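1. give me coordinates for this.
(one chain, ligands or ions: 1)
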Amino acid sequence: MLTVKNLHAGYGKTDVLHGISFEVKAGQCVTLIGANGAGKSSALRCITGLLPVREGQIFFESQEITQYSGHRIVRTGITMCPEGRQVFAEMSVTENLKMGAHTRRDKEQGADIDRMMDLFPVLRKRARQMAGTLSGGEQEMLAIARALMSRPKLCIFDEPSLGLAPKIVQEVGETIARIKADGMTILLVEQNANMALGLADQAYLIEAGEIVLQGTGKELMSNPEVSNAYLGH
Ligand SMILES: Nc1ncnc2c1ncn2[C@@H]1O[C@H](COP(=O)(O)OP(=O)(O)OP(=O)(O)O)[C@@H](O)[C@H]1O
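-> Prediction:
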C-alpha cells in the first residue's frame, strides 16, 4: 500500500535521512523504532508532505506522492495522529471529532461520531468537555478517534505513548490492536519499542537516519542487540 524507496531528507545543510526504504502492506501494522533523533518523525513528515524529499520516492497505492502537498496526501487516504496529540484545546470533544472529518463530503459524519464514541466510551462521557481539559490518555484517545474520522486507508501514529503512564500506554496499545483487527493499515513510530514490536507485523530499526535492522516484530524483539539497547531487558 505504501512504498518508501531510498528516502533522503534533511533540514538546511544537514541530511538526517540517508536513503531509507520500507513498505507497508494493506492490513499490516508496521513500526519504525529507534532512539530519540534517529529520524523517525522526519520520515513521517516526508510521507505526509511536511518535509521535502531530497532524493527517493514515495508511492501510495498506485500513485507516486513524493511531491504532493500535505493537503493532497490527506485526500489520497493517509492520516496522521500527531506526536503530542495536538487536539484543539478550546473545542469540545465532539467538535474535535467533526474537525477530523473536514475533508469528507458525505453525510455520514454524525453516524461516525457515534461509532467513535462506541469505540472510545470515555469520549461519550466527555462529549461536551473542552479537549484541553482531558487527561493525557483521554487526549490520545481523542487524537486517534479524530484521525479515524477521516476514514483513512492508512493511519500513521507518531509516538502515541509519549508522556503517558504505563497503564495508559497499555490501553493505547490495546486500542491500536483493536483498530488493526478492524482492518486498518497502520504505520506506527515509537520510542517505546516494547509496545511497538508487540503490535507490529513488520518492524524497522532506524539509527542515525538509516535502517539498520528489519524483520517481524517478534524477530526484532528477540534480537539481542535490540533487546539490550531498546527493550531494557
Ligand atoms: N525542524 C528541524 N530543524 C532542524 N533539525 C531538525 C528538525 N527536526 C528534527 N531535526 C533533526 O533531525 C534529526 C532527526 O529528528 P527526528 O525528529 O526525525 O527524530 P526522531 O527519531 O523522530 O526522534 P524523536 O523521537 O525525538 O522525535 C535530529 O538530529 C533532529 O535534531
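2. shaky segments in the protein?
-> Flagging of the chain using pLDDT under 70 yields the residue ranges 232-233.
3. for it, longest helix please?
-> Here the longest helix in the chain is taken by residue count, with DSSP state H as the criterion, and it is helix 166-181.
4. which strands or helices does it pack on?
-> Contacts defined by 3 or more Cβ pairs under 8 Å, 6 or more residues apart in numbering; DSSP states H and E place helix 166-181 against helix 136-148, strand 185-190, helix 193-199. Every residue, glycine included, has its C-beta placed from N, CA and C.
5. how about the ones you listed, which one is nearest Gln67?
-> Of all the helices and strands packed on helix 166-181, strand 185-190 sits nearest to Gln67, with 19.8 Å by Cβ to Cβ.
6. how far is the closest one from where the chain is centred?
-> Counting by Cα atoms, centre = their mean, to the nearest Å, strand 185-190 is centred 5 Å from the centre of its parent chain.
7. same question for stretch 134-150.
-> 12 Å.
8. list the buried ones in it?
-> Residues of stretch 134-150 classed as buried: 134, 137-150 (neighbour count, 16 or more other Cβ atoms under 10 Å).
9. and for it, what's in contact with it?
-> If you take Cβ atoms under 8 Å, 6 or more residues apart in numbering as the criterion, stretch 134-150 is touched by 74, 79-82, 85-87, 93, 96-101, 103-104, 109, 112-113, 116, 119-120, 122-123, 126, 131, 155, 157, 160, 163-165, 168, 171-172, 175-176, 179, 184.
10. can you show me the strands along this structure?
-> Chain-ordered strands for the chain, with DSSP state E as the definition, fall at 2-11, 14-24, 29-33, 55-60, 63-64, 78-81, 154-158, 185-190, 202-207, 210-215.
11. what residues are up against Ala9?
-> Neighbour list for Ala9: Asp15, Val16, Leu17, Ser42, Ala43, Arg45, Cys46, Leu51, Pro52, Val53, Arg54 [criterion: Cβ under 8 Å, 6+ apart].
12. excluding its backbone neighbours, what's nearest it?
-> Leaving aside its sequence neighbours, Ala9 sits nearest to Leu17 (Cβ to Cβ, 6 or more residues apart in numbering; 4.6 Å).
13. what residues does the one you found make contact with?
-> Shown here is Leu17, whose contacts under the criterion Cβ under 8 Å, 6+ apart are Leu7, His8, Ala9, Gly10, Gly39, Ser42, Ala43, Cys46, Gly209.
14. ok, those vs the ligand, which is closest?
-> Distances from the contacts of Leu17 to the ligand were compared by Cβ to the nearest ligand atom; the smallest belongs to Ser42, at 3.3 Å.
15. now do the same contact list for the residue most central in space within the chain.
-> By Cα atoms, centre = their mean, the mean C-alpha position of the chain lies nearest to Phe157, the distance being 1.4 Å. The neighbours of Phe157, taking Cβ under 8 Å, 6+ apart as the test, are Met80, Cys81, Ile144, Ile176, Ile186, Leu187, Leu188, Val189, Glu190.
16. separation between it and Ile65?
-> Using Cβ to Cβ, to the nearest Å, Phe157 is found at 19 Å from Ile65.
17. again with Leu213
-> Between Leu213 and Ile65 the distance, using Cβ to Cβ, works out to 26 Å.
18. how close does the residue lying closest to Leu162 once chain neighbours are set aside get to Met141?
-> Once its chain neighbours are removed from consideration, Leu162 has its nearest residue in Glu83; the separation is 6.3 Å (Cβ to Cβ, 6+ apart). Noted for Glu83: a distance of 16 Å to Met141, by Cβ to Cβ.
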